[in-house]
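Got a predicted structure here, sequence first:
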Protein chains: 2
Amino acid sequence: MPGSSRDLPHPEVEELVLTDVLFALSDPPRLAIVRQLAEGPLTEVSCQAVGGEIPKSTRSHHLKTLREAGVIRNVPHGRQRYVSLRREDLEARFPGLLAAVLGPEPERAATPAEPDPDLAR
Amino acid sequence: MPGSSRDLPHPEVEELVLTDVLFALSDPPRLAIVRQLAEGPLTEVSCQAVGGEIPKSTRSHHLKTLREAGVIRNVPHGRQRYVSLRREDLEARFPGLLAAVLGPEPERAATPAEPDPDLAR
DNA sequence: GCGAATGTTCCATGATTCTCGAACGGTGTG
DNA sequence: CACACCGTTCGAGAATCATGGAACATTCGC
């Protein structure tokens, strides 16, 4: 009984697979969760705090996908759980990836110029 | 008749969606194609030169996914086609992403030590 | 023009994936 | 100890995706 008994399996740093990480991040709801974890001031948040108002089973599945890919860590803490981003592990295995994914992306079609769409066609 | 008539649609730079790019790269065969395009000395290669020995319909589907995500460009050139990585466009929209994805990843489970898994808990 | 070559599109099949309600399992409180 | 709480797992349905054979265009050589 080391600590708690409800530990979920997490991949080691060396076992992180790039395509699995990319796939985990390629789903908008999951990417939103990751963004929330990254931008939030807290390193650890309870599960129900992430993902907004979605069914808890859906949220749990997304967290499972992210966890099995090695993107987040999910540890039991009393009656609830703490979810955190595996920043250093991801940085060690895939340098710059997380920064690029979390980087400036809120902009979408923000360029005012370019009234001529016939160029690249 | 600008150039040729067999142009396929390509998304503009501002229209590139991160999750679509990540999804396109999250499939091992597709990532292999991208790696081949990136590491090869040629900026443009014909379709049949990428992806190794796979059915051409499968290759064409993968190229379509990559193209629609904005990862590659596919332009007609005579009887065949030239496929190229959209390096600058990806760099402009998602700085550092391509470098992180193409970066050092050939290593897998190389650390022999770590017989004690109780640390990260 | 005819035919070979290159690559896309059409179609079908099997496998994943996404979503969410319901059931289950620990955990802390009165 | 019983109960409310938090989160995972189970199960099912719909949707999407991956793969590849066959048919269809387009281009170049003769």
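Nice, I can see it.

all strands for chain A, in order.
A:45-46, A:72-77, A:80-85 (DSSP state E).

what helices or strands is the shortest one leaning on?
Contacting strand A:45-46 under the criterion 3 or more CB pairs under 8 Å, 6 or more residues apart in numbering or on different chains; DSSP states H and E are the following elements: strand A:80-85. C-betas here are computed from N, CA, C, even on glycine.

Count the residues that sit near the nearest residue to A:P28 once chain neighbours are set aside.
Among residues not flanking A:P28 along the chain, B:T19 sits closest, at 5.3 Å (CB to CB, 6 or more residues apart in numbering or on different chains). Burial measure for B:T19: 19 neighbouring residues, criterion other CB atoms under 10 Å in any protein chain shown.

Can you verify my assumption that B:T19 contacts A:A24?
No - assessed by CB atoms under 8 Å, B:T19 is found out of contact with A:A24, at 11.0 Å.

Which pLDDT value does the model give the residue nearest the centre of chain A?
Centroid check for chain A by CA atoms, centre = their mean gives A:V34 as the closest residue, at 2.9 Å. You'll see A:V34 listed with a pLDDT of 96.

Let me know the distance separating it from chain B.
Distance of A:V34 to chain B, computed by CB to the nearest CB, to the nearest Å: 11 Å.

again, but for A:E14
In terms of CB to the nearest CB, A:E14 sits 5 Å off from chain B.

So which residues on chain A come close to DNA strand C?
Proximity of chain A to DNA strand C, by CB under 7 Å from any atom of the strand, involves residues A:4-6, A:23, A:27, A:29, A:54-58, A:61-62, A:65, A:76, A:78-79.

from those residues, which would you call buried?
Using 16 or more other CB atoms under 10 Å in any protein chain shown as the burial test, those include A:F23, A:D27, A:H62, A:T65 as buried.

before we move on, the earlier item: near chain B, from the residues of chain A next to DNA strand C?
A:F23, A:D27 (CB under 8 Å from any CB of the partner chain).

residues near the nearest residue to A:D20 once chain neighbours are set aside, how many?
Nearest residue to A:D20, sequence neighbours excluded (CB to CB, 6+ apart): A:A69, at 4.4 Å. A:A69 is flanked by 23 other residues according to other CB under 10 Å.
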